[in-house]
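In: coords please:
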Amino acid sequence: MSKTTQPGSEPPADPADDPRSNYDYRSSDIEEPELVDDLEAIVDGDVRFDTYSRNLYATDASAYHQLPIGVVIPTSVGDVRAVMEYCAEHSIPVLPRGGGTSLAGQTVNEAVVLDFKKQLDGVIEVDPEAETVTAQPGITLARLNNHLSEHGLKYAPDPAWGDKSVLGGCIGNNTTGAHSLKYEKADGYVEEVEVVLADGTVTTFGWMDVEKLHDRADSVDEDSGIEERVYAVVSDILRNKTDEIEARYPDLTRNVSGYNFDKLLQDVEARGEVNVGRLLAGSEGTLGIITEATVSLEPIPEETSVVLLTYDDVISAMRDVAPILEHDPAAVEVMDDVLLDLARDTAEFSKLVGTLPEGTDSTLLVEFYADSVEDGKRKIADLLADRLPGYEAAGDPSDDGTHTGDAVQAVDALEAYDDDRKAKFWKMRKSGLPILLSRTGDEKHWPFVEDTAVPAENLPEYVADIQELFDEYDTFASYYAHAGPGVLHIRPLLDLKADDGVERMLEISDAITDLVIEYGGSVSGEHGDGRARTTWNKKLYGEEIWQSFEDLKAAFDPQGLLNPGNVSGDFDPTENLRYDTDYEFDAGFTPELNWDNENGFQGMTELCHGCAGCTGHQDTTGSVMCPTYRATENEEITTTRGRANMLRRAMSGDLPEDVFSDEFIHEVMDLCIGCKGCKRDCPSGVDMAKLKTEVKHEYHQREGIPFRDRLFANVETLYRLGSTFAPLSNVATSLPGSGILTEKVLGIARERDLPNFKRNTLKKWDANRTPAVSESEADRKALVIADPYTNYTQPEVGKAAVRTLEAAGVHVEIPDDVTDSGRPAHSKCMLDESRATAQANVDALAPRVEDGWDVVSVEPSDSVMYQNDYLDLLSGPDVEAVAENAYSVMQYIDTFRLDEALETATDGTISYHGHCHQTASSRDHHAVGVLRRAGYDVDVLDTTCCGMAGSFGYEAEHYSMSQAIGRLLFDAVEESPADEVTAPGTSCRSQLAGTDRVDGKPPHPIEKLDAALQ
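Out: Below you'll find the predicted structure:
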């Protein structure tokens, strides 16, 4: 949606297409230039063999790192075929990759990576009657299910990261999820797949009568192609390996170790047919490349109900799993004390964990599918009457002694029937891994035995044995995830940088593999083999099955080019680790900010573990992170993960240039817009905005500060001059051609309207009035800060704040000696300037805070500056006191319930767009609560950053990116049923001004509250 002030200014669909936006999302150096030339000649998609791209695709969510040869982003099956044909001819390995969320290292390899997520991500056909869908491999499961929901159907496998994981990866990993008690793994839903084979042949695998398979196998000769040779091997497995498969494969629904020969037998027994496409499920890209898949679907359940059972210890919880299964739940998920303790320190979940009974060590989340809410309540009541001592259901006597199975273990229960509460329970559980990895320090909970599965009835003894094993190695682990089907994600705490860290990792893996086999389990129940577990498949299945794995691999991939080393290969799980004893880190400078709470600057740089939480889309993940990724539609370098990986690689000496090169700053760091979304939304808490501020400050120290940055950092001076010469200053900036001149001289986008300065400032207004509430008669007294935006361009917002606070009985003063918070300079990474401003403001405010004054800001980014960023710049009791007593105006009103003294009357409907910095610090709910209590019907928009990000959206080279980000907000406003939109941030209101549904500049929430006063 274009601004009405500049007709025809609609930005390009891709921000990179704007000639002013000189971003390439890669580095200028190219590996293997001849190979690049060859590939570019035969594909329509992007070919990226530069250093940045190779490093971006060198990691996933595992402990491993392996540089690929290069990256190709195909746009069609023709591209995939062309790449495979070329690589087969030149013996070059190929790795198909989806969301990069793998936990065992199966999506990193020394190969040409085919990234399917960016282009091949569509739905081709839905057949509601047949309950199937045909889709491309790069579509995320969440987007696929959004598409299917209108038909009352869903694709059943539901990994925790389904809004980031893609269909192709789901099949390749044979994924399932929390609800595998009700549904099958991915292999059970494969109906037909289009596959590019290792020689570039495109074929389709679907259902085939087993006798027809044998006939085709019998006709194979030396001239037969890959497909016929595959049929021959599959036929041999069915004819000669059935007994061995039945003897060696664990009797589990959750087993994804090795190739899934057991599924072949099950299909033959059930329907007399074979579907070779199902062998590709769990093959991790080692057998063929899926370019299209038809999968079967399940009906969406009518209703669900959830209960969180609490326990004194994890063994007690494990003892309760088998009895709970007798109640036919859809899911049973465990979280232990390690995870709960970390969740207590996580802003998003601390309140929920705080409601658990004191002494809670572990929980089981139990979900039921139901026909209605009442049916769901009945199922939970039945469960609790059976498993919870003292529970009284439907008027029956409590604890009647008819409990099933072992003695009752549960201590208490929290029930959930409304969608918000159920979602909160599930979000905490699904964030288990990232919460776990928010632990700072060199000791981390590494994935290498995190995916074992045993029969549920064996869980108590199995966990007890594992705890004993960890005691021997002087470590401990967290136990969480899918207790119902017997899958526990177990992550020991190890320091892989330590001398014995890698050795202990290998020894623990070996010992736990033995335990798994002893208890009739699988090495992997969900996450696959990859680099971490391929080596244990021979021990799990024995020589004969292992040989059949190799035979199948050889038939599909005679040269061994498809993701070599995985499933039936020879990977050493201790090689190519992200961290080991040889790892070194050197930031190359002394950090300026306070990093004490983040285990230092290095600790924050290394905190990202690659979970891909920053790759969610607005329509499926919501919230803020990561705006530039959402605008560029799947550019890895614009994610928090991408930037963090690049920083770590540069500072560990693994890039040919350092972090302070012009290209690195431009391509890697510049498009971090400082929204702070990752500070809250990244489950591990990576604060990329703070990292960027630190790094770019050092860059300024080395290279100097650009004139435009200095200009934007000195907003107070600029705005004071603009106000002094108003209205002439406003006329000058509105003359024809002024925008073009401003862009050429200052680099400010011609499409942007410059601020409209007011001669009658907020301070002048305040100087000519008498406070409505004297200090002696007030319960509270507030210093309302006249920031440059409010004072010089929007005094009406400040007046509304003063009037409203006074109406609530607050004594208000506007200080003369505090205006600029330092935010403009801080946003430009000019730390010397922002620290000086912070110090001056603290010197001015601290004595007044000590005297009982509160510091109130109209501009939300300023309030967060006082509350959070000052603590990064300064230390001592004065700054702590100022930070503790600083508020945004709506937070101030809500915190002290000042609106209870107001008489308001309104029945208006408004949509609300919150400010990123307040959202990141979990302070954005205050305005919504106040407005609703005032009588407004508030539609809270689930949107990312508005795209302005202070001065970012004014800068010519960033204008198109700003608009691309803002388009998500514009669409949300357009779809909202509300009459009007309100936003607290001045940048947000500037971005919204002039869009289709917004007349002029939207009001600040305080203006809406002021308007509601009687």
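In: Could you list the domains of the protein?
Out: Residue ranges for the domains of the chain, per automatic domain parsing: 15-115, 123-299, 301-431, 596-704, 705-1014.
In: and those, which one's lowest on average pLDDT?
Out: Note on the domains of the chain: lowest mean pLDDT is at domain 301-431, with a mean of 85.
In: Let me see the ranges of the strands in the stretch 251-400 of the chain.
Out: 273-275, 289-296, 298-299, 303-311, 331-335, 362-370 (DSSP state E, counting those that start in this stretch).
In: a markdown table please, covering those and showing mean neighbour count and distance to Gly704.
Out: For every residue, glycine as well, the C-beta is placed using N, CA and C. Listed next are these as a markdown table, based on neighbours: other Cβ atoms under 10 Å; distance: least, Cβ to Cβ, whole Å:
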| stretch | mean neighbour count | distance to Gly704 |
| --- | --- | --- |
| strand 273-275 | 21 | 64 |
| strand 289-296 | 24 | 49 |
| strand 298-299 | 14 | 60 |
| strand 303-311 | 23 | 56 |
| strand 331-335 | 27 | 51 |
| strand 362-370 | 25 | 55 |
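In: Serialize the domains of the chain to a markdown table and add fields for distance to Leu540.
Out: Below are the domains of the chain laid out as a markdown table (distance: least, Cβ to Cβ, whole Å):
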| stretch | distance to Leu540 |
| --- | --- |
| domain 15-115 | 14 |
| domain 123-299 | 6 |
| domain 301-431 | 22 |
| domain 596-704 | 27 |
| domain 705-1014 | 44 |
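In: May I ask which helix or strand encompasses the closest residue to Val659 other than its chain neighbours?
Out: Excluding its sequence neighbours, the residue lying closest to Val659 (Cβ to Cβ, 6 or more residues apart in numbering) is Ala650, at 4.1 Å. Ala650 belongs to helix 640-651 when assigned by DSSP states H and E.
In: what do you get for Glu698?
Out: helix 688-703.
In: contacts for that helix?
Out: Applying Cβ atoms under 8 Å, 6 or more residues apart in numbering, the set of residues contacting helix 688-703 from outside is 588-589, 591-593, 601, 604-605, 640, 643-644, 647, 659-660, 662, 665, 669, 672, 674-676, 678-679, 709, 826, 829-831, 872.
In: Show the subsequent helix or strand relative to it.
Out: Later in the chain than helix 688-703, the nearest helix or strand by DSSP H and E is helix 707-713.
In: Return the set of buried residues in that following helix.
Out: Residues 708-709, 711-713 are the ones in helix 707-713 that count as buried (16 or more other Cβ atoms under 10 Å).
In: likewise stretch 368-379?
Out: Buried residues in stretch 368-379, counted by 16+ other Cβ under 10 Å: 368-370, 376-379.
In: do stretch 648-659 as well
Out: Buried, per 16+ other Cβ under 10 Å, within stretch 648-659: 648-652, 654-655, 659.
In: ok, now stretch 537-553?
Out: Those would be 537, 540-541, 545-546, 548-549, 551-553, for stretch 537-553 by 16+ other Cβ under 10 Å.
In: Out of those residues, which comes closest to Val47?
Out: Proximity of the buried residues of stretch 537-553 to Val47 (Cβ to Cβ) peaks at Lys553, which lies at 27.7 Å.
In: just checking, Arg344 touches Ser350?
Out: Yes: with contact defined as Cβ atoms under 8 Å, Arg344 counts as touching Ser350 (5.4 Å).
In: thinking again about what came up before, now the buried residues of stretch 368-379 as TSV including distance to Thr291?
Out: Putting those into TSV (distance: Cβ to Cβ, whole Å) gives the following:
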residue	distance to Thr291
Phe368	38
Tyr369	34
Ala370	39
Gly376	41
Lys377	46
Arg378	47
Lys379	42
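In: can you tell me which two in the buried residues of stretch 648-659 are farthest apart?
Out: So, the buried residues of stretch 648-659 by Cβ to Cβ: farthest apart are Asp654 and Val659, at 11.4 Å.
In: thinking again about what came up before, please, a ChimeraX command that selects the buried ones among the contacts of helix 688-703?
Out: Filtering these down to the buried ones (16+ other Cβ under 10 Å) takes a single ChimeraX command:
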select :589,591,592,593,601,604,605,640,643,644,647,659,660,665,669,672,674,675,676,678,679,709,826,829,830,831,872
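In: The contacts of helix 688-703 in helices, which ones?
Out: Among these, DSSP state H puts 601, 604-605, 640, 643-644, 647, 662, 678-679, 709, 826, 831, 872 in helices.
In: Show the contacting residues for Asp50.
Out: Applying Cβ under 8 Å, 6+ apart, the residues near Asp50 are 26-31.
In: Can you tell me which of these are buried?
Out: 26-27, 30-31.
In: Please report phi then psi for Thr204.
Out: As for Thr204, its main-chain torsions (degrees, to the nearest 10) stand at phi -130, psi 130.
In: which residues does it bridge with?
Out: Listed by DSSP bridges, the beta-bridge partners for Thr204 are Glu194.
In: Quick check, it in contact with Glu191.
Out: No: using Cβ under 8 Å, Thr204 is not in contact with Glu191, being 10.8 Å away.
In: So between those two, which is more surrounded?
Out: Each of Thr204 and Glu191 has its neighbours counted (other Cβ atoms under 10 Å); Glu191 has more, 17 against 13.
In: In contact with that one, which residues?
Out: Counting by Cβ under 8 Å, 6+ apart, Glu191 has contacts 132, 206-207, 275, 277, 294-296.
In: With Val802 instead?
Out: Counted by Cβ under 8 Å, 6+ apart, Val802 has contacts 766, 784, 812, 814.
In: ok, back up a step: Pro558: which of the domains of the chain is closest?
Out: Pro558 lies closest, by Cβ to Cβ, to one member of the domains of the chain: domain 123-299, at 6.8 Å.
In: Do me a favour and get the end-to-end distance for the closest one?
Out: Distance across domain 123-299, first residue to last, is 18 Å (Cα to Cα, to the nearest Å).
In: Tell me how far it lies from the chain's centre.
Out: What separates the centre of domain 123-299 from the centre of its chain is 28 Å, taken as Cα atoms, centre = their mean, to the nearest Å.
In: With stretch 43-50 instead?
Out: Taking Cα atoms, centre = their mean, one finds the center of stretch 43-50 at 26 Å from the center of the full chain.
In: Repeat that for stretch 727-747.
Out: With Cα atoms, centre = their mean, you get 41 Å for stretch 727-747.
In: now the end-to-end length of it.
Out: 24 Å.
In: Who are the contact partners of the residue nearest the centre of the chain?
Out: Most central residue of the chain, judged by C-alpha distance to the mean C-alpha position with Cα atoms, centre = their mean, is Gly613 at 1.7 Å. By Cβ under 8 Å, 6+ apart, the contact set of Gly613 is 161, 164, 434, 625, 640-641, 681-684.
In: now do 10 Å
Out: Shown in contact with Gly613 (Cβ atoms under 10 Å, 6 or more residues apart in numbering): 61, 101, 161, 163-164, 431, 433-434, 621, 625-626, 639-641, 678, 681-684, 686.
In: what's the answer for Gly359, then?
Out: With Cβ under 10 Å, 6+ apart, Gly359 has these contacts: 310-313, 337, 411.
In: mind putting the residues you listed in a markdown table, distance to Ser976 included?
Out: Listed next are these as a markdown table, based on distance: Cβ to Cβ, whole Å:
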| residue | distance to Ser976 |
| --- | --- |
| Thr310 | 40 |
| Tyr311 | 44 |
| Asp312 | 47 |
| Asp313 | 48 |
| Asp337 | 43 |
| Val411 | 44 |
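In: Pull up the gap between the nearest residue to Tyr866 once chain neighbours are set aside and Val193, please.
Out: Spatial nearest neighbour of Tyr866, chain neighbours left out: Ala886 (3.7 Å); criterion: Cβ to Cβ, 6+ apart. The spacing between Ala886 and Val193, counted by Cβ to Cβ, to the nearest Å, is 57 Å.
In: just Glu125 next, same as before
Out: For Glu125, the distance to Val193 equals 14 Å [Cβ to Cβ].
In: Which one of these two is surrounded by more residues?
Out: Neighbour count, other Cβ under 10 Å: between Glu125 and Val193, Val193 has more, with 28 against 9.
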